[in-house]
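*Asks:* Would you be able to build a 3D model of this:
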Amino acid sequence: MLGTLHLWPIATALGALPSIAFLIASYWMIETPYYLLRRGDESQAVILLERLRKSDKVCLVHPQIKKF
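*Replies:* Presented below is the predicted three-dimensional model:
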């Protein structure tokens, strides 16, 4: 169906749509705590981990971060 000479650009564009959607959505994706720790930003990693776990107990989160 899309194998004709005039329709192959449509097939190519349809294959590119998921990649384009991911590229646009990646703007709003948050960094992982592991990435922030590797970058040396421990305070942001703690804040993010607390937000992801819906907890404000730094004393429970902080020892886990030290394991990295």
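*Asks:* In the chain, what helix or strand scores lowest on average pLDDT?
*Replies:* helix 58-66 (a mean of 61; mean pLDDT, DSSP states H and E).
*Asks:* Provide the backbone phi and psi angles at the residue sitting nearest the centre point of the chain.
*Replies:* The chain has Met29 as the residue nearest its centroid, 4.4 Å off, counting by Cα atoms, centre = their mean. Met29 adopts backbone torsions of phi -80, psi 140, taken as degrees, to the nearest 10.
*Asks:* top helix in the protein by residue count?
*Replies:* helix 8-25 (DSSP state H).
*Asks:* What residues sit buried inside the helix or strand following that helix?
*Replies:* Using DSSP states H and E, the helix or strand that follows helix 8-25 in sequence is helix 33-38. Going by neighbour count (16 or more other Cβ atoms under 10 Å), the buried part of helix 33-38 is Pro33, Leu36, Leu37. For the C-beta atoms, the positions are set from N, CA and C on the backbone; glycine is no exception.
*Asks:* ok, back up a step: and the longest helix of the chain, average pLDDT?
*Replies:* Averaged across helix 8-25, pLDDT comes to 91.
*Asks:* again, but for stretch 45-52
*Replies:* Stretch 45-52 shows a mean pLDDT of 83.
*Asks:* buried stuff in that stretch?
*Replies:* For stretch 45-52, using 16+ other Cβ under 10 Å, the buried residues are Ala45, Val46, Ile47, Leu48, Leu49, Glu50.
*Asks:* Any chance of those residues in CSV with distance to Ile20 and secondary structure as columns?
*Replies:* Shown next, in CSV, are these (distance: Cβ to Cβ, whole Å; DSSP: H, G, I helix; E, B strand; the rest coil):
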residue, distance to Ile20, secondary structure
Ala45, 30, helix
Val46, 34, helix
Ile47, 31, helix
Leu48, 27, helix
Leu49, 31, helix
Glu50, 33, helix
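*Asks:* Now render these as a markdown table, adding distance to Leu17.
*Replies:* Shown next, in a markdown table, are those (distance: Cβ to Cβ, whole Å):
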| residue | distance to Leu17 |
| --- | --- |
| Ala45 | 34 |
| Val46 | 38 |
| Ile47 | 35 |
| Leu48 | 30 |
| Leu49 | 34 |
| Glu50 | 36 |
